[in-house]
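Enquirer: Sequence first, predicted coordinates after that:
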Amino acid sequence: MAESFGELLRKCREAADVSMGALAKRVNYSKSYLSKIENDVKPPNANFARLCDNALDAGGTLINAEHAARERPQPAVDLGGLDRRSMLAGTMLAGAGSLIGIALAGGPRPVPDEGVVTGLRTSFEQLRLLGMRTSPTVVLEPLVAQVRTVQALARENPDPARSRLLLLAGRIAEYVGWLSQEAGNEQGALWWTRYAADLARASGDGDGDIVTYTLIREAGLALYRQDGITTIDLAQQAQQDRNASPRTLGLAARREAQGHALAGDRDACERALGRAEELFDSYTVDVRAYPVLGSTAPDPLTLARGWSMVDLGRVDEASAVLDRVLTQLPVTNRRTRARFGARNSLAYALAGEIDQSCATLAETIDDAAQVDSATVRMDLRELSRCLSRWRGHHAVREIFPSLNRVLQRHQAMP
C-alpha cells in the first residue's frame, strides 16, 4: 500500500532534520495543523504542499503526492454528436443567433477591398480592448456574430480574400475561446479553440500560427484544472511545429514552464523559461503579420515566472518578481492586472505577510470586480481561504467585505 501524504511529509521533514515546530514557522501554519496532516487526520491542500516542498527542498515530491491524493475528476468534454451549429445554440452564447441573422441578411456582397478587411480587424481589436477591462459577457455575443460574419464573407469570395478572412475569423474564434474560459464555460472554451484551429487550417494559417497556438490555449485550460502533466504535454506538442514563429514557440515554452511549476519540477521550469527567453529574443516583430496571438502585456515571461514561483512554493521570490512587473502593466489592461495582482496577494498571504497581502488585494479588488473573471476568482477563493486563518487581523477584517462581494456577486448572477 502506498504511503500517505502525511507519512511522506514526516519522512521528508526528518530527512531534512527539521522539527515540526520549525517547519510550522517556515510555512506559516500552526504546529497542531502540521500534526494533523502528518497523522492523516486532515488532508493537505495544494498550497500547503507547495510551501512544505520548498521549505524541505523535496524536489516536487510533496507536490506530486498531494496531486495523487486529491480527488480531482477531469471534466468530460464529449463533443461527439454535436456539430458546430448545435454547440453554438447550446452554449451561453445562444443569444448571438439573432445578431448573426441580421449580419448575414441581404444576399451576396461584393469582394471586400483592403479597407473593408482593415475595418473588420479594427472592429475586432476594439472589442478585444473592451474585453481587457470588462466582463466577458459584455463582448462575447458581438464577437460570435463577428466570427460568423467574417466566415460568411470568406465563403462568398475567392482567394486571396477568402484565406485572409478565414484567418481573421480564426483569430476572433480563438479569442472567443479565451473569453469563454474567463466566463467559466470550459466546454465552450474548448469548442471555440478547436473551431479556431479548423478555420486557420482552411485558410492555410498564413503568418498567424493559430493552429499551433490553439495547443497552447488547450494547455492553458489544463493549467487551470491543476493538471500539470497535460499542460506540459500540450505545450511540448506546440513546440514541435518548426514552422511556427519564435514568439509562438516562446509562448509554448512559457506555458510548459507553468506546467512544470504546477508539477513541482523547479529545474524543468527554469529550463523552459530559459528556452522561452531565447525564442522571444530571436523574434523580430513583423508589423505586417496578423493576427498577434497571446498576451499583449509587457514582459509576459517575467509575469509567468512570478506565477510559477507561487506554484513552486517560493512565495517570497514570487512577490519580489510580481511587485516589479505589475508596475509596468497599463491601467487599461484590467484583466491582466487583476489576474497577477490576485496571485501576488496570494503569495504574500502564503508567506505570512498579511498586511502586505491585504494592501495588494486592495489595489486589485476593483479590477477583479470589473473584469468578472472565472480564472481570477480561482485565486481569490484560495486567497479567501488563506486569509480566513487571520480573520481577527484588522487588515483582513477591512478587506474581507470587498473580497466577499466579488466572490458572491458571481454566485448571485443568473
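Expert: Perfect, I can see it now. Numbering: from 1, shown residues only.

Enquirer: buried ones in the strand or helix carrying residue 375?
Expert: In this assignment (DSSP states H and E), residue 375 forms part of helix 374-387. Within helix 374-387, the residues that qualify as buried are 374, 375, 376, 377, 378, 379, 380, 382, 383, 384, 386, 387, counting by 16 or more other CB atoms under 10 Å. Yep, even glycine has a C-beta here, placed from its N, CA and C like the rest.

Enquirer: what's downstream of that helix, the next helix or strand?
Expert: As assigned by DSSP H and E, the chain's next helix or strand after helix 374-387 is helix 394-412.

Enquirer: other SSEs contacting that following helix?
Expert: With contacts defined as 3 or more CB pairs under 8 Å, 6 or more residues apart in numbering; DSSP states H and E, helix 394-412 has these neighbours: helix 354-371, helix 374-387.

Enquirer: If we use 10 Å, what do you get?
Expert: Packing partners of helix 394-412 (3 or more CB pairs under 10 Å, 6 or more residues apart in numbering; DSSP states H and E): helix 334-350, helix 354-371, helix 374-387.

Enquirer: just those: most buried one?
Expert: With neighbours taken as mean count of other CB atoms under 10 Å, the helices and strands packed on helix 394-412 reach their highest mean count in helix 334-350, at a mean of 26.

Enquirer: related to what we said a few turns ago, helices or strands next to the helix holding residue 375 in the packing?
Expert: helix 46-55, helix 161-182, helix 210-224, helix 300-311, helix 334-350, helix 354-371, helix 394-412.

Enquirer: Lowest average confidence across those, which one?
Expert: Lowest mean pLDDT of these: helix 394-412, a mean of 86.

Enquirer: Would you agree residue 162 is in contact with residue 152?
Expert: No - counting by CB atoms under 10 Å, residue 162 stays clear of residue 152, with 11.4 Å between them.

Enquirer: Tell me how far residue 58 lies from residue 47.
Expert: Applying CB to CB, to the nearest Å, the value for residue 58 to residue 47 is 15 Å.

Enquirer: for residue 117, same thing?
Expert: Separation of residue 117 from residue 47 (CB to CB): 48 Å.

Enquirer: Which neighbouring residues are in contact with residue 200, exactly?
Expert: By CB atoms under 10 Å, 6 or more residues apart in numbering, residue 200 lies in contact with 166-167, 169-171, 173-174, 206, 208-214, 291.

Enquirer: hmm, 7 Å instead?
Expert: Neighbour list for residue 200: 167, 170, 208, 210, 211 [criterion: CB atoms under 7 Å, 6 or more residues apart in numbering].

Enquirer: count of residues packed around the second one?
Expert: Read it as residue 170. 30 (other CB atoms under 10 Å).

Enquirer: got it, and residue 280?
Expert: When neighbours are defined as other CB under 10 Å, residue 280 has 18 of them.

Enquirer: Chain neighbours aside, what residue packs nearest to it?
Expert: Closest residue to residue 280 apart from its sequence neighbours, by CB to CB, 6 or more residues apart in numbering: residue 250 at 4.4 Å.

Enquirer: what about the one you found, which SS state?
Expert: Three-state call for residue 250 (DSSP: H, G, I helix; E, B strand; the rest coil): helix.

Enquirer: shouldn't it be in contact with residue 276?
Expert: Yes - contact criterion CB atoms under 7 Å: residue 250 and residue 276 qualify, at 4.5 Å.

Enquirer: Thanks a lot, see you next time.
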